[in-house]
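Asks: This is the structure alone, sequence omitted:
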């Protein structure tokens, strides 16, 4: 593997990590907004385990979608900007 290819793979990996971190930030903002909304409306919150660990009031589907979008967004951004 040439150093140029290795540099490209590291760059794409860094973008994937950034996409993952941004998706976690969006997840936290969504969860805080939902908790605030539920408390104002008197909705009883139910904790869900996320992939076997942790607790979250959002259903599993938005959690998984945000995770996948973060990884795929980082992959596509890394490939696009890595030229």
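Replies: It's in. Here the structure is a predicted model, which is why all the values come from computation and not from measurement.
Asks: quick one: low-confidence parts of this structure?
Replies: Applying pLDDT under 70 to the chain picks out residues 1, 50-52.
Asks: 90 instead?
Replies: 1-8, 45-64, 81-83 (pLDDT under 90).
Asks: That one: strands as residue ranges?
Replies: 48-50, 53-56 (DSSP state E).
Asks: Name the single longest helix found in this protein.
Replies: Counting residues, the longest helix found in the chain (DSSP state H) is helix 3-41.
Asks: So what touches stretch 26-44?
Replies: 45, 56, 57, 58, 62, 63, 66, 70 (CB atoms under 8 Å, 6 or more residues apart in numbering). (C-beta placed from N, C-alpha, C; glycine too.)
Asks: I'd like the distance between the second one and residue 45.
Replies: In this view, residue 56 and residue 45 are 10 Å apart by CB to CB, to the nearest Å.
Asks: who's more crowded, the two?
Replies: Between residue 56 and residue 45, residue 56 has the larger neighbour count (other CB atoms under 10 Å), namely 18 against 10.
Asks: in the longest helix of the chain, what's buried?
Replies: Along helix 3-41, these residues count as buried under the neighbour rule (16 or more other CB atoms under 10 Å): 12, 15, 16, 19, 20, 23, 27, 30, 34.
Asks: nearest to residue 82, of those?
Replies: The closest of the buried residues of helix 3-41 to residue 82 turns out to be residue 12 (CB to CB; 5.9 Å).
Asks: Count the residues that sit near the closest residue to that closest one other than its chain neighbours.
Replies: Excluding the flanking residues, the one nearest residue 12 by CB to CB, 6 or more residues apart in numbering is residue 78, at 3.5 Å. By the measure other CB under 10 Å, the count of residues near residue 78 is 21.
Asks: what's the answer for residue 49, then?
Replies: A total of 10 residues lie near residue 49 under the criterion other CB under 10 Å.
Asks: Same check on residue 47?
Replies: 9.
Asks: Please list all residues in contact with it.
Replies: 55, 56, 57.
Asks: again, but for residue 3
Replies: Counting by CB under 8 Å, 6+ apart, residue 3 has no contacts.
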